[in-house]
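In: build me a structure from this.
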Amino acid sequence: MLFGVVQQTQPEAGQPYAHALRKVVDVCLYAEELGFRTFSMAEQHFSPYILNPDSLQFFSYLAAKTTRIRFASGIIVLPLHHPIQLAERVALLDVQSDGRFDLGCGRGHIRRAFEGMGIPMEEASERFDECLEVAKLAWGPEPFMYRGRFYQTLEPISVNPKPVQKPHPPIWVAATTPETVGKVARNDCGMLVSFLEDFEPSKERVGVFKALRAEAGHAPETARIRMNPLALVLESHKEANQVAESYLRRWGGLFATANKKAPEGEAFARHQQSEQWQRLREMDTVFDYGAHAAHAIFGDPAFAVERLAYLRDDVGATEINFCVGFGGLPLEVIRRSLKLLAEHVIPRL
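Out: The predicted structure follows:
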């Protein structure tokens, strides 16, 4: 199993947004120092829930300050991006980082982002497919033309520079519906499991993913499943849960504000009807710590080892990125948690 860090870029109460952005750099550098493999960030628009509208730009800055740690977008919402510009910027980042980038992507589910960008949500799945198809062509060695519903080229074009990694950086896709799981499996992409998902439904979805990969002829040992659970590990199990509950309440308010409107369109029926997603959208008024802690890693090192072994052996995760910084968690607490994970949890797995 491989391990990384996801930094939730959220402001601390009373602190300017710039403080949260500087914290990202500190956490990334410390994660590299401790030997974590991957550093990841989410993209977000029009809300302080996540203060990061541009992961690729942020990773370019971090790449200049690091030498070993890989970067993973978690996720870039492809329907909100022009595919040629995306392909160019990903290739440039891959060159600048000397091949240390994984493209984590998805169709998105936050209605506010689509409305703010003026893109109908019912087009999200088709736009996602076209964007990824165009990007793969752009990363190839030959000039190409494309005729799709949303994107067209008038003449053969070639994107430069080309990525360092061949044929392109590893691609991971957020898979929350049966349709998406099927696409990810058939195309031999890595599967991203949301930190918002309960473990048992995730276990079932991973099983389907592995079965569909086998049907498509992909070797079982090459399956890539990355989970991103919220995590806070401290010396005391009680303290970890007390601190986590305090900051998770603030995180819940930020999340609910960004997600109050349910997604539109038939493709988002699961997000509209699911009791879990309705609970998440109401976290600013109805807060159930136990329900959220059940699919997080809040506790002492022994608890973390037990839960991670379950995610590896029962759920089927091949990689874990610990999601830290939720609710504006202070840097000193994040550092304590990462150090315990690196020195007293990961070696036992």
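In: what does stretch 271-286 contact?
Out: 109, 176, 196-198, 252-253, 255-257, 259-260, 262-263, 270, 288, 291 (C-beta atoms under 8 Å, 6 or more residues apart in numbering). Heads up, the C-betas are built off the backbone N, CA and C, glycines and all.
In: do that again at 6 Å, thanks
Out: 109, 252, 253, 255, 256, 259, 260, 262, 263 (C-beta atoms under 6 Å, 6 or more residues apart in numbering).
In: can you tell me which of those residues are in helices?
Out: Mapping the contacts of stretch 271-286 onto helices (DSSP state H) picks out 252, 253, 255, 256, 259.
In: can you report how many residues lie near the first one?
Out: What it means is residue 252. By the other C-beta atoms under 10 Å criterion, the neighbourhood of residue 252 contains 23 residues.
In: ditto for the last one
Out: For residue 259, the neighbour count with other C-beta under 10 Å is 23.
In: quick one: the closest residue to it other than its chain neighbours from residue 135, how far?
Out: The shortest distance from residue 259 to any residue other than its chain neighbours is 5.3 Å, reached at residue 281 (C-beta to C-beta, 6 or more residues apart in numbering). Going from residue 281 to residue 135 by C-beta to C-beta, to the nearest Å gives 32 Å.
In: ok, these two, which is more surrounded?
Out: residue 135 (26 against 19).
In: who's in contact with that one?
Out: When contacts are counted by C-beta under 6 Å, 6+ apart, residue 135 touches 83, 86, 87.
In: which of these fall in helices?
Out: Going by DSSP H, the helices hold 83, 86, 87 from the contacts of residue 135.
In: and the closest residue to the first one other than its chain neighbours, how far from residue 82?
Out: Right, the one you point to is residue 83. With sequence-adjacent residues excluded and distances taken as C-beta to C-beta, 6+ apart, residue 83 is closest to residue 134, at 3.7 Å. From residue 134 over to residue 82 the distance is 9 Å, taken as C-beta to C-beta.
In: of those two, which one has the most company?
Out: When residue 134 and residue 82 are compared for neighbours, residue 134 comes out ahead with 24 against 12, by other C-beta under 10 Å.
In: TSV for the ones in helices among the contacts of stretch 271-286, including pLDDT and distance to residue 320?
Out: Output for the ones in helices among the contacts of stretch 271-286, formatted as TSV (pLDDT from 0 to 100; distance: C-beta to C-beta, whole Å):
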residue	pLDDT	distance to residue 320
252	89	23
253	89	26
255	87	21
256	87	26
259	82	24
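In: which one of the residues you listed sits closest to residue 113?
Out: Closest approach to residue 113 among those (C-beta to C-beta): residue 259, at 10.2 Å.
In: mind checking the SS state of residue 283?
Out: Following DSSP: H, G, I helix; E, B strand; the rest coil, we place residue 283 in the coil state.
In: skipping adjacent residues, who's closest to it in space?
Out: residue 252 (3.2 Å).
In: hang on, the earlier thing: quick one: buried ones out of the contacts of stretch 271-286?
Out: Applying a neighbour-count criterion of 16 or more other C-beta atoms under 10 Å, the buried members of the contacts of stretch 271-286 are 109, 252, 253, 255, 256, 259, 263.
In: dump those residues into JSON lines; add distance to residue 226 as well.
Out: Listed next are the buried ones among the contacts of stretch 271-286 as JSON lines, based on distance: C-beta to C-beta, whole Å:
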{"residue": "109", "distance to residue 226": "18"}
{"residue": "252", "distance to residue 226": "24"}
{"residue": "253", "distance to residue 226": "27"}
{"residue": "255", "distance to residue 226": "21"}
{"residue": "256", "distance to residue 226": "26"}
{"residue": "259", "distance to residue 226": "22"}
{"residue": "263", "distance to residue 226": "23"}
